[in-house]
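J.: using only what follows, build the 3D model:
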Amino acid sequence: MPADTPDRLIAAARRRHEQTLARARTALRQLEATGEPVTYAKVAATAKVSRAWLYSQPDVRAAVERLRDINNRSTGVAVPTRQRTSEASLVRRLEAAHRRSQELTRQVAELREQLAAAHGALRDSRVGRTTHT
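T.: Okay, the predicted model is just below:
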């Protein structure tokens, strides 16, 4: 047995492990891009690896869990991550809605005052008519 055989075996195992990791990461990106629900079974089938192997890889497992959490919080509609609304965007939309609500509240108050004035003028005109006739 040649002396460098263990080194070759170790190098081959490392290459195979890196290739497997690359397939798993590619599968995660594909599932994330399509907005499909991410499960260990889907990632394993797409990457052509075992679910047990996925569970044994901390970085892959963390990515699967993160994507599963995102999908579980969603409204049930599969939306790719890159198309999801950012937190900053949601805050801006909320601030705009709040400003609009304040504006509408002011308009309603103004219209109520105008309506009260119109009712008062109508009452005064009716009272003025009945006393003159």
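
J.: who's in contact with Leu31?
T.: Val38, Lys42, Val43, Thr46, Leu67 (CB atoms under 8 Å, 6 or more residues apart in numbering). Just so you know, the C-beta spots here come from the backbone N, C-alpha and C atoms, and that holds for glycine as well.

J.: filter the residues you listed down to just the ones in helices.
T.: Lys42, Val43, Thr46, Leu67 (DSSP state H).

J.: tell me, how many residues neighbour the second one?
T.: Applying other CB atoms under 10 Å, we find 25 other residues in the vicinity of Val43.

J.: skipping adjacent residues, who's closest to it in space?
T.: Ala27 (5.1 Å; CB to CB, 6 or more residues apart in numbering).

J.: so the one you found touches Thr39, yeah?
T.: No - the criterion here is CB atoms under 8 Å, and Ala27 misses it with Thr39 at 11.2 Å.

J.: helices and strands of this protein: which one has the lowest mean pLDDT?
T.: One helix or strand of the chain scores below all others by mean pLDDT, DSSP states H and E: helix 58-73, with a mean of 84.
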